[in-house]
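Q: Provided below for reference: sequence and predicted model.
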Amino acid sequence: MGKNKGLHIVAFLLVIIGGLNWLLQGVFQWEVGALFGGTSSVVARVIYILVGLASVYLLATHKGDCKACETKPAGM
């Protein structure tokens with residue numbers, strides 16, 4: 001696994017976490033930050049910052065076809 005693909009996977013997972021957080025907030029009025037002491041806690045803020053940076057990274061790197069997601073047959 002290349003360095004960029006690893007970064008892509010981490011960013012993708014963080015964006016998924018962010019999306020699920022918005023779903024929980026919309027449906028149940030509960031958010032992931034509550035697990036870490038509320039949205040004003042340092043841990044929750046770091047998580048929110050990482051999710052935001054991941055979304056910016058994916059937005060900037062997904063132009064047209066996503067080369068990081070592309071799977072190639074063995075030997076190519």
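A: Done, it's in. Just so you know, these numbers come straight off a predicted model, no measurement behind them. Numbering: from 1, shown residues only.

Q: and V27, how many neighbours does it have?
A: Here the count is done by other C-beta atoms under 10 Å, and V27 has 8 residues near it. Where you see a C-beta, it was placed from the backbone N, CA and C, and this is true even at glycine.

Q: Centre of the chain to the strand or helix carrying it, how far?
A: Following DSSP states H and E, one finds V27 within helix 3-28. From the chain centre to the centre of helix 3-28 is a distance of 3 Å (C-alpha atoms, centre = their mean, to the nearest Å).

Q: Now the helix or strand just after that helix: buried residues?
A: Counting by DSSP H and E, the next helix or strand C-terminal to helix 3-28 is helix 42-61. Residues of helix 42-61 classed as buried: A44, I47, Y48, V51, A54, Y57, L58 (neighbour count, 16 or more other C-beta atoms under 10 Å).

Q: and if you look at stretch 22-37?
A: Buried-residue list, stretch 22-37, by 16+ other C-beta under 10 Å: E31, V32, G33.

Q: contacting residues around the last one?
A: Read that as G33. Taking C-beta atoms under 8 Å, 6 or more residues apart in numbering, we find G33 in contact with N21, T39, S41, A44, I47, Y48.
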